[in-house]
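> Sequence first, then the predicted structure, then my questions.
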Amino acid sequence: MVQLWVSPGACSLLPHILLNEINADFELVIVDIVKELGFPEKYKEINPKKRLPILILDDGTVITETVAISTKISQMAPDHHLLGSDDLEIVRSYEWFNWLSGTFHERGFGSFFGPHRFADDEIAFDPIRRSSYAFIEQCFSDVEERLTGVYAVGNAFTAVDVFLYVIYRWGHMLRLDMKGAYPKYTKLVLEVTKRAAVSKTVEKEGIPLIEDNRADGADLQKYKP
Ligand SMILES: N[C@@H](CCC(=O)N[C@@H](CS)C(=O)NCC(=O)O)C(=O)O
């Protein structure tokens, strides 16, 4: 049985939903990085990069990185076509994945919530957060502009839609007007949240389906440019 390590509502929500989507038999390990104030040192041997998610296969093989883990889960159930149905769709999925993971997540939310990774001097933290806030809003607009159909890739549901859903939830943490500002994106998210695997997963993680207001959004608004 595979084992998935997650933190509620984090990017690990993507592989967690995908495992439920393919009805996999898996063991869930929850490490709350908010309560733990980051990735606990004691698990550093499992992932020296000190990040979640982590997937451990039944032979002990450790896989890190959301996109690599999602690829593995897709390979576990090829009939679900989680990365698309033909070669070009698979390429499009990775085109989205790279941008969502490396740019939107890491450069946007990663620097907003972890400015200490980008500067040693605390004096730089607020300016980094302000620039990240603007960058995040720009990325949400870019998603809105790029969406042409109900789903992000081709005409059917893929793992990219789930990644987009995970990041859409984070928009609520910044108290952005997600519904009003991004109608096409909202339509996609409403489609994703109809899926049984999604409601089952958020219930297990103990988080709201869409409007995640757990972070102190009122406070975070001060970084709005
Ligand atoms: N590139 C990594 C990034 C993973 C990542 O940043 N995970 C966050 C949660 S969304 C984390 O584990 N943070 C722990 C920490 O900041 O200490 C991936 O895509 O898996």
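Right, received. Where do you want to start? Numbers count the residues shown, from 1 in each chain.
> neighbours of L88, just the number please.
11 (other Cβ atoms under 10 Å). Where you see a C-beta, it was placed from the backbone N, CA and C, and this is true even at glycine.
> Show me which residues of the chain sit near the ligand.
Contacts of the chain with the ligand, taken as Cβ under 6 Å from any ligand atom, map to 7, 10-11, 33, 38-39, 50-52, 65-66, 101, 110, 114.
> Just the buried ones from those residues?
7, 10-11, 33, 39, 51-52, 65-66, 101, 110 (16 or more other Cβ atoms under 10 Å).
> re earlier: columns secondary structure and pLDDT on top of the residues of the chain next to the ligand, output as JSON lines?
Output for these, formatted as JSON lines (DSSP: H, G, I helix; E, B strand; the rest coil; pLDDT from 0 to 100):
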{"residue": "S7", "secondary structure": "coil", "pLDDT": "97"}
{"residue": "A10", "secondary structure": "coil", "pLDDT": "97"}
{"residue": "C11", "secondary structure": "coil", "pLDDT": "98"}
{"residue": "I33", "secondary structure": "coil", "pLDDT": "94"}
{"residue": "G38", "secondary structure": "coil", "pLDDT": "93"}
{"residue": "F39", "secondary structure": "coil", "pLDDT": "96"}
{"residue": "K50", "secondary structure": "coil", "pLDDT": "97"}
{"residue": "R51", "secondary structure": "coil", "pLDDT": "97"}
{"residue": "L52", "secondary structure": "coil", "pLDDT": "98"}
{"residue": "E65", "secondary structure": "coil", "pLDDT": "98"}
{"residue": "T66", "secondary structure": "helix", "pLDDT": "98"}
{"residue": "S101", "secondary structure": "helix", "pLDDT": "98"}
{"residue": "G110", "secondary structure": "helix", "pLDDT": "95"}
{"residue": "G114", "secondary structure": "coil", "pLDDT": "92"}
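> Out of these, the closest to Y133 would be?
G110 (13.0 Å; Cβ to Cβ).
> just to revisit the earlier point, which two among the residues of the chain next to the ligand are spaced furthest apart?
G38 and S101 (19.1 Å).
> Give me the distance between A10 and T64.
13 Å (Cβ to Cβ, to the nearest Å).
> Which helix runs longest in this structure?
Taking DSSP state H as the criterion, the chain has its longest helix at helix 125-146.
> where does the chain dip in pLDDT?
Scanning the chain for pLDDT under 70 picks out the ranges 215-218.
> OK, contacts around the residue nearest to S85 when sequence neighbours are not counted?
Residue nearest to S85 in three dimensions, not counting chain neighbours: G154, with 6.4 Å by Cβ to Cβ, 6 or more residues apart in numbering. Contacts for G154 (Cβ atoms under 8 Å, 6 or more residues apart in numbering) come out as 84-86, 89, 92.
> I22: how many residues sit nearby?
Look at I22: counted by other Cβ under 10 Å, it has 16 neighbours.
> how near is the closest residue to F135 other than its chain neighbours to V29?
Leaving out its chain neighbours, the residue that sits closest to F135 by Cβ to Cβ, 6+ apart is G108, at 5.1 Å. Distance of G108 to V29, given as Cβ to Cβ: 27 Å.
> more crowded one of those two?
When G108 and V29 are compared for neighbours, G108 comes out ahead with 22 against 14, by other Cβ under 10 Å.
> Regarding that one, what is its secondary structure?
helix (DSSP: H, G, I helix; E, B strand; the rest coil).
> I'd say it and C139 touch.
Yes. The pair G108 / C139 is scored as a contact, 5.3 Å apart, by Cβ atoms under 8 Å.
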